[in-house]
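Colleague: below are the sequence and a predicted model for it; my questions follow.
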Amino acid sequence: MEALQKKLLSAAAIGGVLVLAAVGVTKSGLTDILGKGGDPSADTEAAYDEAYQSAAADVVFWYEDESYTKFFEEAARAYFDKTGVKVAVQCQNVPDYIGAIYDETMQDGAFPDVYLISGDNLEEAYRYGLVSVNENDVSAARAAKNAVTASTYQGKLLGYPLSFHTCVFVYQNGYFETAPDSLQALIDYSDANEPPENVSYLLEWDVNDAFYDFPFISNSVTFEKTEAEKLNVIYNEELYQQDLAYFEKILESFSVDAQTVSEESIIENFLGGRTLSAMIDTSSLYRLEGYEYSLMQIPDLNDTLPADPCAITDMLVVNDFSEKGEEAADFAYFATVTMAGELHGLSGHYSVIPSAEPDWVEQVAFDAYESAVLVPDSVDAKDFWVSLEETISKYF
């Protein structure tokens with residue numbers, strides 16, 4: 001008899017939750033109704049899970065980087081708990097992501113109400129008409145200055161900045177006595193000190209990716225946008241030739257294998273002690289958790305040639321064609337600001353909003369981002385990156 005009563009109560013709870021979810025009752029409200037204001041019972045939790053799974057999507061969200069999957073799924077669930085609004089989280093693996101959004105939108109298909117892009121694609125999305133203005137003040141949430149700049153186009157704040165990518169320098173504690181202040185100092189120290197027998201590389205970075213090559217020529221290049229949709233890449237030709245000459249010279253000391261190198265292999269070599277130092281993405285630092293190492297911003301090339309990394313900002317933007325713009329904007333703010341503290345643990349990416357008490361790794365990563373050169377949000381910039389990759393490839 002008791003089992004039958006429990007089954008009937010559970011069924012009634014589930015049916016009630018489905019109705020409540022349909023009219024936007026939040027989880028806290030549901031707890032008060034079914035759980036008498038205390039911790040919800042197992043039956044209540046099961047009922048709420050059923051309500052979430054059964055609810056129809058109110059907002060559609062797209063992204064293409066699978067490393068964010070756990071975070072966005074958790075953000076969508078937490079947002080439903082708070083508001084009763086269901087966000088359908090969809091990872092899109094398509095060759096032309098922005099083009100797919102545009103095509104679906106123009107055809108009135110299953111287009112996203114809100115989506116994730118990198119900051120260097122903001123101009124393209126805006127020119128397609130796929131971006132609405134962000135009415136929220138993200139700087140009030142302590143977002144990095146670079147994040148606000150990256151999310152702004154033609155004087156208008158468009159994006160909801162989420163996370164960042166920039167290069168940092170990691171090195172082995174057991175070999176270096178002090179932090180090298182330049183790559184030349186790194187070479188000089190190695191010349192004077194024998195490395196362990198299992199060491200294969202003094203320094204590694206993904207030479208096939210212009211993102212990692214940029215520090216070697218950063219001091220001789222300036223991005224200038226004098227008018228909308230027009231980017232000028234200005235070279236200091238004298239410095240540029242010095243950079244390339246030095247780059248060619250130091251390659252003799254680094255012996256990077258361009259045929260096999262990748263961010264994955266670099267991390268594995270570093271953890272295995274086969275690589276003494278490396279330039280890696282801040283989003284790869286989680287892979288080193290539990291390993292004793294040192295971390296710093298990218299050092300200069302030598303005493304006269306400085307080096308700066310570039311930085312990319314991932315952000316959510318609301319589709320200007322969406323009829324759910326208000327809900328989409330609210331979710332974008334929720335995911336980027338309210339959920340900022342959950343981002344690193346669920347994705348490995350660092351939020352553009354620093355923790356209240358960041359650990360030393362997050363602090364170095366954040367400082368590196370704030371001082372980095374922002375990748376310009378211009379369609380014209382693609383030519384620069386292709387040219388840089390082609391130039392670097394000539395040395396291998």
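Modeller: Received it, and whenever you're ready, just let me know what you need.
Colleague: would you map out the domains in the protein?
Modeller: 1-55, 165-312+360-393 (automatic domain parsing).
Colleague: single out the most deeply packed of those domains.
Modeller: Mean neighbour count (mean count of other C-beta atoms under 10 Å) peaks for domain 165-312+360-393 among those, with a mean of 17. (C-beta placed from N, C-alpha, C; glycine too.)
Colleague: start and end of that domain, how far apart?
Modeller: End-to-end distance of domain 165-312+360-393: 23 Å, with C-alpha to C-alpha, to the nearest Å as the criterion.
Colleague: identify the residue nearest Asn302 in space, chain neighbours excluded?
Modeller: For Asn302, ignoring the flanking residues on the chain, the nearest one in space by C-beta to C-beta, 6 or more residues apart in numbering is Gln184 at 3.9 Å.
Colleague: weakest of the domains of the chain by average pLDDT?
Modeller: With a mean of 53, domain 1-55 has the lowest mean pLDDT of the domains of the chain.
Colleague: and Leu244, helix, strand or coil?
Modeller: helix (DSSP: H, G, I helix; E, B strand; the rest coil).
Colleague: might you list the low-confidence residue ranges for the stretch 51-200 of the chain?
Modeller: Counting by pLDDT under 70, the stretch 51-200 of the chain contains no low-confidence range.
Colleague: in it, which spans are helices?
Modeller: 69-83, 97-106, 122-127, 145-150, 183-192 (DSSP state H, counting those that start in this stretch).
Colleague: could those helices go into a markdown table alongside distance to Tyr333?
Modeller: Shown next, in a markdown table, are the helices of the stretch 51-200 of the chain (distance: least, C-beta to C-beta, whole Å):
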| stretch | distance to Tyr333 |
| --- | --- |
| helix 69-83 | 10 |
| helix 97-106 | 20 |
| helix 122-127 | 17 |
| helix 145-150 | 14 |
| helix 183-192 | 41 |
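Colleague: tell me which of those lies nearest to Lys156.
Modeller: helix 122-127 (8.9 Å; C-beta to C-beta).
Colleague: in that closest one, what counts as buried?
Modeller: Using 16 or more other C-beta atoms under 10 Å as the test for burial, helix 122-127 gives Leu122, Glu123, Glu124, Ala125, Tyr126.
Colleague: for it, give me every contacting residue.
Modeller: 98, 101, 117, 131, 150-151, 153-154, 158-159, 229, 315, 317, 377-379 (C-beta atoms under 8 Å, 6 or more residues apart in numbering).
Colleague: hmm, 7 Å instead?
Modeller: Residues outside helix 122-127 that contact it (C-beta atoms under 7 Å, 6 or more residues apart in numbering): Ile98, Ile117, Val131, Tyr153, Leu158, Gly159, Glu229, Val317, Asp377, Ser378, Val379.
Colleague: please apply the same query to stretch 96-106.
Modeller: 62, 64, 92, 94, 110-112, 115, 121, 124-125, 128, 130, 319, 321.
Colleague: quick one: which of those residues is most hemmed in?
Modeller: Counting neighbours by other C-beta atoms under 10 Å, the top entry in the contacts of stretch 96-106 is Tyr115, with 28 neighbours.
Colleague: ok, that residue - contacts?
Modeller: Counted by C-beta under 7 Å, 6+ apart, Tyr115 has contacts Phe61, Trp62, Tyr63, Ile101, Val317, Asn319.
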